[in-house]
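Trainee: Give me coordinates for this.
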Amino acid sequence: MKRRILESGITKVRRILGISLMMILMLTALTGCSQNPSDDEVKEEEEEDTLDIGLSIDSLVIERWQRERDLFVSKATELGAEVNVQNANGEVEEQIKQIQYFIDKKVDVIVIISIDDEALNDVIAKAKKAGIRVIAYDRLIRNANVDVYMSVDNERVGELMATYIKKAIGNSGTIIQIKGSPTDYNVQMVQNGFERIISTTDIHIVYSEYSDNWMAENGYRVTSNYLASGRVPDAIMCGNDNIASQSIRALNENRLGGQVCVVGQDADLEACQRIVEGTQYMTVFKPVEMLAKSAAEMAVAMAKGEDLGIKDTINDGTYDVPYEKLDPIAVTAENMDEVITGKYHQESEIYINVRD
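Mentor: Below you'll find the predicted structure:
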């Protein structure tokens, strides 16, 4: 009898111990779940912490955009952001689709090198409605109320071009203009600065034409046609160095290379080579390395919700938008080494055709 009672007691103790052990294991499992989130939860948190920036580029045909893309991506990555780069290849509708894609991806900031200064208003309005900040990089987007416009002082670019032409040909003479794209508002700002200086002289702009989509071949066509009329201008103002290259090709074919003052902008490598060779007189250097890096820093700061502290504004046609601008520099053979050599292009590349 005593033995049965003892065995019964032992059984009860074992049962109680078993239940207690199960409860301890269950509590441990629950505690473990609360302290160690699943892989999906960790991944979701990481995605929420990532700063996503969309960069939509007009086209990579122009040399400077390739350089600035790389600088921007490198700096943004260094600051902990991920950059999705889209190339619109000069197609406005494609750029609109790319911006909509960024909106659908819910990026934090969209940076746009616009093709058309008035065609993006609707899609930018959608981005802002979705709480996405927008930076207009180098080219102002009209009537869109972007969060920031970043560029060089484009009116100053025009002033530098006109000032150099005045120095090169004197206070009188003739100029033909082969300007950039009519849908790029920077072109108008450059023209404003150019005319401000030329209007104080007896120099006359005898012909002026835009280049749709910045087509460089227009430089060759316009220059060739003008020369075919039996006239030779004293100077040619080109919208950029790419257009200048084709204008100079037409001059060379007519044995006028180096005899006409040709100016451009962007400080492309080939333009710098032409300047030291003597066929292009001047280009305008834009500190694009500083511009691209500053834009990346600004985009990351905007993604974090930080105050940018920009004081200047520019009117986009409807709104006064924050304007961060850098000063351009006129580059000639005389100051090439001071401004460009070893900093923007290498000496061996610039002087490849004029030094042994």
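Trainee: hey, where'd the helices end up in the stretch 101-250 of the chain?
Mentor: 121-129, 154-169, 185-198, 217-228, 241-253 (DSSP state H, counting those that start in this stretch).
Trainee: now swap in the stretch 251-356 of the chain and tell me
Mentor: Taking DSSP H, counting those that start in this stretch, the helices of the stretch 251-356 of the chain run over residues 269-277, 288-303, 336-339, 347-350.
Trainee: contact partners of the third one?
Mentor: When contacts are taken as Cβ atoms under 8 Å, 6 or more residues apart in numbering, the neighbours of helix 336-339 outside the stretch itself are 272, 275-276, 285, 329, 331, 347, 350. Backbone N, C-alpha and C define where each C-beta goes, glycine included.
Trainee: for the second one, same thing?
Mentor: In this structure, residues lying in contact with helix 288-303 by Cβ under 8 Å, 6+ apart are 51-53, 64, 67-69, 71-76, 79-81, 108-109, 111, 133, 135, 137-138, 147-148, 150-152, 308, 324, 326, 344.
Trainee: go on, stretch 83-98?
Mentor: Applying Cβ under 8 Å, 6+ apart, the contact partners of stretch 83-98 are 52-61, 69, 72-73, 76-77, 101-102, 105, 107, 112, 114-116, 119-120, 123, 213.
Trainee: which of those are buried?
Mentor: 52-59, 69, 72-73, 76, 102, 107, 112, 114-116, 119-120, 123, 213 (16 or more other Cβ atoms under 10 Å).
Trainee: In TSV: the helices of the stretch 251-356 of the chain, plus mean pLDDT and mean neighbour count.
Mentor: Formatted as TSV, the helices of the stretch 251-356 of the chain follow (pLDDT from 0 to 100; neighbours: other Cβ atoms under 10 Å):
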stretch	mean pLDDT	mean neighbour count
helix 269-277	97	21
helix 288-303	94	21
helix 336-339	97	15
helix 347-350	96	14
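Trainee: Next, format those helices as TSV and append distance to residue 97.
Mentor: Listed next are the helices of the stretch 251-356 of the chain as TSV, based on distance: least, Cβ to Cβ, whole Å:
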stretch	distance to residue 97
helix 269-277	32
helix 288-303	21
helix 336-339	39
helix 347-350	37
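Trainee: Nearest to residue 127, out of the ones you listed?
Mentor: helix 288-303 (12.5 Å; Cβ to Cβ).
Trainee: Quick check, pLDDT for the most centrally placed residue in the chain.
Mentor: In the chain, the C-alpha nearest the mean C-alpha coordinate belongs to residue 137, at 4.7 Å (Cα atoms, centre = their mean). pLDDT recorded at residue 137 is 95.
Trainee: can you map out the strands along this structure?
Mentor: For the chain, the strands defined by DSSP state E cover 51-57, 81-87, 109-112, 133-137, 148-152, 172-178, 202-209, 235-238, 261-263, 283-285, 313-315, 320-326, 329-331.
Trainee: any weak-confidence spans in the protein?
Mentor: Where the chain drops to pLDDT under 70, the residues are 1-48, 356.
Trainee: rerun that using 90 as the cut-off
Mentor: For the chain, residues meeting the criterion pLDDT under 90 lie at 1-50, 60-65, 67, 117, 288-289, 307-309, 311, 355-356.
Trainee: Can you pull the domain assignment for it?
Mentor: Per the record, the chain has its domains at 1-28, 50-146+289-326, 154-287+330-350, by automatic domain parsing.
Trainee: Endpoints of the longest one, how far apart?
Mentor: Using Cα to Cα, to the nearest Å, the end-to-end distance of domain 154-287+330-350 comes to 25 Å.
Trainee: From the chain's centroid, how far away is stretch 110-128?
Mentor: With Cα atoms, centre = their mean, to the nearest Å as the basis, stretch 110-128 stands 14 Å off its chain's centre.
Trainee: if we can go back for a sec, so can I have TSV of the helices of the stretch 101-250 of the chain showing distance to residue 143?
Mentor: Compiled in TSV, those are given as follows (distance: least, Cβ to Cβ, whole Å):
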stretch	distance to residue 143
helix 121-129	6
helix 154-169	18
helix 185-198	10
helix 217-228	27
helix 241-253	27
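Trainee: closest to residue 261 out of the ones you listed?
Mentor: Proximity to residue 261 (Cβ to Cβ) singles out helix 154-169 among the helices of the stretch 101-250 of the chain, at 4.3 Å.
Trainee: and the direction of that closest one versus that of strand 148-152, what angle?
Mentor: With axes from the mean of the first three to the mean of the last three Cα atoms, to 10 degrees as the basis, helix 154-169 and strand 148-152 are set at 10 degrees to each other.
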